[in-house]
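S.K.: need a 3D model of the sequence below.
(one chain, ligands or ions: 2)
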Amino acid sequence: MSATKLNGDHKINGTEAKAPFLIGVAGGTASGKSTVCKRIMEKLGQVDVDQKKRQVVCISQDSFYRELSPSEIIKAERGLFNFDHPDAFNETLIYDTLKDVLAGKMVQIPAYDYRNHSLSKDEILTIYPADVVLFEGILVFYFPEVRKLFHMKLFVDTDSDTRLARRVPRDINERGRDLDQVLNQYMNFVKPAFEEFCSPTKKFADVIIPRGADNSVAIELIVQHIRDILNKGKPCGVRQVSPPKLVCTPNTSPSKKPSPGDHLFKRPH
Ligand SMILES: Nc1ncnc2c1ncn2[C@@H]1O[C@H](COP(=O)(O)OP(=O)(O)O)[C@@H](O)[C@H]1O
Ligand SMILES: O=c1ccn([C@@H]2O[C@H](COP(=O)(O)O)[C@@H](O)[C@H]2O)c(=O)[nH]1
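M.R.: Ligands and ions are numbered 1, 2, ... in the order given. Prediction:
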C-alpha cells in the first residue's frame, strides 16, 4: 500500500524523509471529527493548497475498514453488520500505513464507499508527505500499538443526542440509507459499541474538545499549540520521530498584503 516515491523535499531511497507530527482525532460517530480537522486545516491555511504541497493532511480511519465477505455484505445491506466494532477494521494496515507516514513516505489509500460498504476501487487518495498529519476515526485510540504512534491525541466530545440528530440525515442523504436502517443500526450496534469501545478511549486523549467544531476557543488553542510545537521543534509526549523544521512567519512584507492562505509556516532558509 505504501509507495516509494517521495515529494520534492525528500530524497528518494535516501535518509532524509520528513517525519510528520501525527495527531489522532477520536470521537463518536458524527461528533464532528472531520469538521474539527477541516477547521484546523483552514486555520493553518491549508485547504486551498495543492495536495502535493500541503503541510497539513488528514486521513480517515474509515479507509481502513476491512473487506467484507459476500455474506457480510448482505448483512451490511440490512443494517445487521457491526461497523463500530474494532474487528471491522484492519488494524495491521492502519499501523503499517501510519508507520510509513511517520517515515515520511507517500501513501496511497482507498476512499471508503459508504453506499456499497466497501473500499473504493476507483477513488484512491494519495497522501503526500506533510509536516502535520491528522488521523481521524471512531476507534483511532482503541488499538494500543496504533495509539502509541500519536504525538497528540484529541477527543471530540459531542453529546449523543446531537450526534444521532446529525447522523440520521447524513446517513439518509449522503450514505444512501433509510430511516429504519439507520435507527436499527444505531440502537443495535453504534450506540452499544460507542459505550464499549469508543467512549473508554477518551481517557487517552491529551485534549478533549466539548461540542466539537462549535468550540472555536478549543480549536484555536490546539492550532496555536501545533504552531508552537512546530516552531520549537520539540513536541512533548510520545516522541518517535524528529519534528519538522518550521518557523511561523506571517507574511508581513510591505510589498505584499497578507491574504488568507498566505501564512503560518515557512521553511527556514
Ligand atoms: N458544529 C456543528 N454544527 C452543525 N453541524 C455539524 C457540526 N459539526 C459537524 N456537523 C455536521 O454533522 C455531520 C457529521 O459531522 P462530521 O464532522 O462528519 O462528524 P464525524 O467525522 O465525527 O463523523 C456532518 O453533516 C456535519 O456537517
Ligand atoms: O459501511 C459502513 C461503514 C461505516 N459505517 C458507520 O460509519 C461510522 C464511522 O464514520 P463517522 O464518520 O465517524 O461517523 C460508524 O459509526 C459506522 O457505523 C456505516 O454505517 N457503514
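S.K.: what comes into contact with stretch 167-186?
M.R.: T29, A30, R78, G79, F83, Y114, R115, L164, V190 (CB atoms under 8 Å, 6 or more residues apart in numbering). Using the backbone N, CA and C atoms, a C-beta is placed for each residue, glycine as well.
S.K.: from S69, how far off is the third one?
M.R.: With the distance defined as CB to CB, to the nearest Å, R78 ends up 15 Å from S69.
S.K.: now do the first one
M.R.: Here T29 is placed at a distance of 24 Å from S69 (CB to CB).
S.K.: these two: which has the busier surroundings?
M.R.: T29 (23 against 9; other CB atoms under 10 Å).
S.K.: quick check: the more buried one touching E136?
M.R.: No: T29 lies out of contact with E136 (CB atoms under 8 Å); the separation is 11.8 Å.
S.K.: tell me the pLDDT of K121.
M.R.: On the pLDDT scale, K121 is placed at 87.
S.K.: what about it, distance to E67?
M.R.: From K121 to E67 the distance is 11 Å (CB to CB).
S.K.: over to R177?
M.R.: 20 Å.
S.K.: of the two, who's got more company?
M.R.: Ranked by neighbour count (other CB under 10 Å), R177 and E67 place R177 first, with 20 against 10.
S.K.: V156: how many residues sit nearby?
M.R.: V156 - counted by other CB under 10 Å - has 29 other residues nearby.
S.K.: assess the claim that it and A26 are in contact.
M.R.: Yes: V156 is within contact range of A26, at 7.2 Å (criterion: CB under 8 Å).
S.K.: ok, which stretches of the chain are strands?
M.R.: Here the chain has its strands, by DSSP state E, at 21-27, 56-60, 107-113, 118-127, 132-136, 152-157, 207-210, 247-248, 265-266.
S.K.: could you single out the most deeply buried of those strands?
M.R.: strand 21-27 (a mean of 26; mean count of other CB atoms under 10 Å).
S.K.: thank you, goodbye.
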